[in-house]
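turn this into a model:
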Amino acid sequence: MKPLASLIPLDEAKKLVDENVQPIKRKEHVPLSDLLFRILAEDVVSGIDVPPYDRSAMDGYAVRAVDTFSAGKFEPVELRCVGVVHAGEVPSKKIGPGECMQIATGAMVPEGADAVVMVENTERIDDVVQIFRAVPPGSNISKKGEDIRAGTVVLRKGELLTPAKVGVIAALGMSEATVYAKPKVLIVPTGNEVAEVGKPLNPGQVYDINSHTLSSILLENGCVPVAHSIVEDVAEELKSVLKKANDYDMVVLSGGSSAGERDVLEQVISELGRVIFHGVQIKPGKPTLFGLIGNTPVFGMPGYPTACLTNGYVFLLPAARKMARLPKRQEVIGTFPMAKKYAATLGRHQFLTVRIINGEVYPAFKESGAITSIAHADGWIEIPPNVDIVEKGTNVEVHFF
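From the prediction side, this is the model:
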């Protein structure tokens with residue numbers, strides 16, 4: 001085992017990751033039911049007018065506007081009602097002089113009518129409708145194509161499909177849209193001490209936590225995690241897995257980037273591609289590794305659960321969102337006072353998992369491997385490399401998970 005050659009600053013590591021992760025280019029046709037929070041890969045162009053016909057904007061009576069011009073509150077105009085048209089129906093008759101037709105909101109305006117009188121401004125006695133207010137042509141009618149004309153670009157390439165925008169696509173009668181594929185990310189747990197969840201533990205083993213933590217982060221941020229079986233920290237085993245790196249958009253290993261195993265992983269990545277950095281001035285997570293095999297980014301994440309979790313948010317999450325073409329995550333950050341004094345580590349940017357209790361910040365951190373550091377944490381605070389003591393009462397920014 002050899003010490004890490006050099007530790008790079010956190011900001012430099014973030015910059016190197018960003019420079020070497022590219023937005024995905026693959027496209028796919030996806031049905032309407034699966035479009036939520038996908039990114040459009042092509043403009044959405046309407047093939048129809050919206051609305052597709054003149055329709056009533058109110059419940060009332062479809063009329064010829066000219067027949068209402070003399071109507072007043074005390075001298076109503078009387079028109080003969082020749083039928084009714086409901087939403088979804090085609091009117092059975094044409095409106096002639098002195099006639100009207102009862103109409104529902106959203107219903108097709110009958111031929112001959114050019115306005116709708118609101119029901120509140122009418123009174124009906126059998127087939128005679130009294131009109132108490134004159135209406136101009138076009139009143140209370142949504143004209144064909146008034147909202148969207150056929151051939152109009154309605155949504156642009158690169159837009160995030162929110163529930164409202166999925167509804168717009170449905171309104172155009174489209175059953176699918178072309179979006180960018182979700183990046184496929186291979187998750188590889190490493191180490192003899194790691195056991196698959198659901199199987200009995202042998203002496204000296206722990207369950208594979210990190211694969212599930214990282215998969216959850218990836219799922220939440222537009223990627224498709226692909227689980228690999230546990231791999232021993234042996235060069236040939238790792239090489240066999242990483243030779244398939246180009247079958248995926250990204251590869252994430254956890255557990256083999258600390259202690260002696262880190263040398264093996266660095267060696268294998270160097271043989272198949274190149275290591276961009278191995279070692280960051282952070283705590284926890286100092287031995288974090290990042291490289292490329294072909295054009296595929298490869299992360300070597302720390303094995304300790306807390307370190308893996310915080311590094312997942314700091315390095316993996318932004319990379320995943322960029323590759324998936326999602327906008328940058330809107331972090332939820334709150335400012336709270338420290339409940340007690342905390343001694344930090346000079347020279348390393350520290351991520352301290354914390355809890356918020358009665359409006360004060362308490363360290364949730366015990367050690368990098370402590371499960372309770374994850375289970376009880378609300379988020380983390382960042383302590384700069386030049387700070388060794390965070391005094392009680394100091395206001396700190398909490399980055400919520």
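
my read: Leu40 touches Lys157, true?
Yes - if you go by C-beta atoms under 8 Å, Leu40 and Lys157 touch, sitting 5.4 Å apart. Using the backbone N, CA and C atoms, a C-beta is placed for each residue, glycine as well.

wait, a strand at Lys239?
No - with DSSP: H, G, I helix; E, B strand; the rest coil as the criterion, Lys239 is helix rather than part of a strand.

quick one, domains of the chain?
Annotated domains of the chain cover 10-26+181-323, 27-50+146-180, 55-142, 333-400 [automatic domain parsing].

weakest of the ones you listed in terms of mean pLDDT?
Note on the domains of the chain: lowest mean pLDDT is at domain 333-400, with a mean of 90.

how far away from the center of its chain is that domain?
Domain 333-400 sits 28 Å away from the centroid of its parent chain (C-alpha atoms, centre = their mean, to the nearest Å).

that domain spans what distance, first to last residue?
Using C-alpha to C-alpha, to the nearest Å, the end-to-end distance of domain 333-400 comes to 6 Å.

try stretch 46-58
26 Å.

which SSE is the residue located most distally from the centre of the chain in?
In terms of distance from the mean C-alpha position of the chain, Glu75 ranks first, at 59.5 Å (C-alpha atoms, centre = their mean). Per DSSP states H and E: Glu75 is located in neither a helix nor a strand.

check Gly347 too.
Secondary-structure assignment from DSSP H and E places Gly347 in no helical or strand segment.

count of neighbours near the residue nearest to it when sequence neighbours are not counted?
The shortest distance from Gly347 to any non-neighbouring residue, by C-beta to C-beta, 6 or more residues apart in numbering, is to Pro385 (5.3 Å). Using other C-beta atoms under 10 Å, Pro385 has 17 neighbouring residues.

now stretch 326-346: buried residues?
Within stretch 326-346, the residues that count as buried by 16 or more other C-beta atoms under 10 Å are Leu326, Phe336, Met338, Ala339, Tyr342, Ala344.

tell me which stretches of the stretch 151-300 of the chain form strands.
153-155, 176-180, 184-189, 194-195, 206-207, 224-227, 250-254, 274-278, 282-283, 289-293, 296-301 (DSSP state E, counting those that start in this stretch).

what lines up beside the fourth one in the sheet?
Here the strand partners of strand 194-195, with direction, are listed using DSSP bridges: strand 206-207 (parallel).

cool, the last one as well?
Strands flanking strand 296-301 in the sheet, each with its direction: strand 250-254 (parallel), strand 289-293 (antiparallel) (DSSP bridges).

and the first one, by the same measure?
Under the criterion DSSP bridges, strand 153-155 sits next to strand 44-45 (antiparallel) in its sheet.
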